[in-house]
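Asker: Sequence below, structure please.
(one chain, ligands or ions: 1)
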Amino acid sequence: MTDLPTFIAGLPKVELHVHHVGSASPRIVAELAARHEGRSPVPADPEALADYFAFRDFAHFIEVYLSVVDLIRDADDVWLLTHEVARELARQQVRYAELTVTPYSHVNRGIPAPAFCEAIEDARKRAEADFGIALRWCFDIPGEAGLPAAEQTLRIALDERPDGLISFGLGGPEIGVPRPQFKPWFDQARAAGLRSVPHAGETTGPETIWDALRELGAERIGHGISAAQDPALLTHLAERRIPLEISPTSNVRTRAVPSLDAHPLPLLVEAGVPVSINSDDPPMFGTTLNDEYAVAARLLRLGPDGVAALAREAVAAAFLTPAEQARITAEIDAYLASAAR
Ligand SMILES: O=c1[nH]cnc2c1ncn2[C@@H]1O[C@H](CO)[C@@H](O)[C@H]1O
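Answerer: Purely as a prediction, here's the structure:
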């Protein structure tokens, strides 16, 4: 048996909670910064960028995140970012990823919705051909922009309806952004066949998760780590098989939890709550999906069998058809068997 990091690197995976702009690598950020001559506070130098991606608190993280969004000025930038994100996911043996994009933020910066959707769709199809990876879109509402953003995000989702669009989310800060107000837009999105995957319980308590479940019809929860504070919620999530999309390093770097050793992942797993392991905004948090699997293996004391089980659990939580799930799960099983020889 190879060492665990090598095993993880070759393990077929899916990723369910990873942000489009949040996945811009230092090379892509530098390329985008160079394209739009230095009016941006985002450093082009990778060293300086690593220091720039250090966050005082969650609000500061969102501020930095939006400064990178500002670098994306036209459809060519959107295409470049999307295709490069797919390349990096495929390098980590990701077969399928549900990428969270925020059309409102880009349309608000002058990229017309049809051009934005055409760019992500063309990059998605090219990535499937170039790298063999299947991408799907979650369109999320940037919560800090409130109900106008909800309206425009839904409009773009329903008017443009790109082929890869499968889900509807809610990101940004939770503090001061109560979930129930977004119910009308989630009702319409779900009525149109989009799956509901809001962030909740990342920087606020279990009641935000209850709201996401009861008011927004959440089928999965982005982060949801504060469920650990509410035994009734843990039981509910476990019994209803409602998965949490866990991104351990993200929670430490945004100061949602004080350290990896304090992360509630072991408690959530112990309570029988389904989880997927994700990277959220990997370059911003100095991590990769493979690194996050290694973190989860350490916190959960897993070997190859346990890590393969985590990968299967993410496949089970993915909005794939049963046949597609079976295909990826069979790949995971075959890989585990070959690694054991
Ligand atoms: O970990 C996260 N939590 C919440 N929002 C996030 C996270 N990572 C990226 N975003 C993104 O922050 C923007 C806010 O306008 C949204 O685009 C949201 O998708």
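
Asker: What is the neighbour count of Pro231?
Answerer: Using other C-beta atoms under 10 Å, Pro231 is surrounded by 11 other residues. For every residue, glycine as well, the C-beta is placed using N, CA and C.

Asker: And Pro282, by the same measure?
Answerer: 28.

Asker: Spell out which parts of the stretch 101-250 of the chain neighbour the ligand.
Answerer: Counting by C-beta under 6 Å from any ligand atom, the residues of the stretch 101-250 of the chain close to the ligand are 102, 105, 140, 142, 144, 171-172, 199, 202, 250.

Asker: Just those residues: which are in helices?
Answerer: 105, 250 (DSSP state H).

Asker: so where's this protein uncertain?
Answerer: Residues of the chain meeting the criterion pLDDT under 70: 1, 37-38.

Asker: where do the strands sit along it?
Answerer: 13-19, 94-101, 134-142, 165-171, 195-196, 199-200, 221-223, 244-246, 275-277 (DSSP state E).

Asker: Serialize those strands to JSON lines and add fields for mean neighbour count.
Answerer: Shown next, in JSON lines, are these (neighbours: other C-beta atoms under 10 Å):
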{"stretch": "strand 13-19", "mean neighbour count": "27"}
{"stretch": "strand 94-101", "mean neighbour count": "24"}
{"stretch": "strand 134-142", "mean neighbour count": "25"}
{"stretch": "strand 165-171", "mean neighbour count": "25"}
{"stretch": "strand 195-196", "mean neighbour count": "20"}
{"stretch": "strand 199-200", "mean neighbour count": "30"}
{"stretch": "strand 221-223", "mean neighbour count": "27"}
{"stretch": "strand 244-246", "mean neighbour count": "28"}
{"stretch": "strand 275-277", "mean neighbour count": "24"}
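
Asker: Tell me which of those lies nearest to Phe285.
Answerer: strand 13-19 (10.7 Å; C-beta to C-beta).

Asker: what does the closest one contact?
Answerer: By C-beta atoms under 8 Å, 6 or more residues apart in numbering, the residues outside strand 13-19 that reach it are 85, 89, 92-102, 171, 220, 222-223, 245-247, 276, 278-282, 289, 293, 311, 314-315, 317-318, 320, 328.

Asker: how does it look with 7 Å?
Answerer: 89, 92-100, 222, 245, 247, 276, 278-281, 289, 311, 314-315, 317-318, 328 (C-beta atoms under 7 Å, 6 or more residues apart in numbering).

Asker: do the same with stretch 189-208
Answerer: Applying C-beta under 7 Å, 6+ apart, the contact partners of stretch 189-208 are 58, 138, 154, 157-158, 165-171, 173-175, 179, 186, 209, 211-212, 216-227, 229-230, 233, 256, 319.

Asker: Alright, calling it a day.
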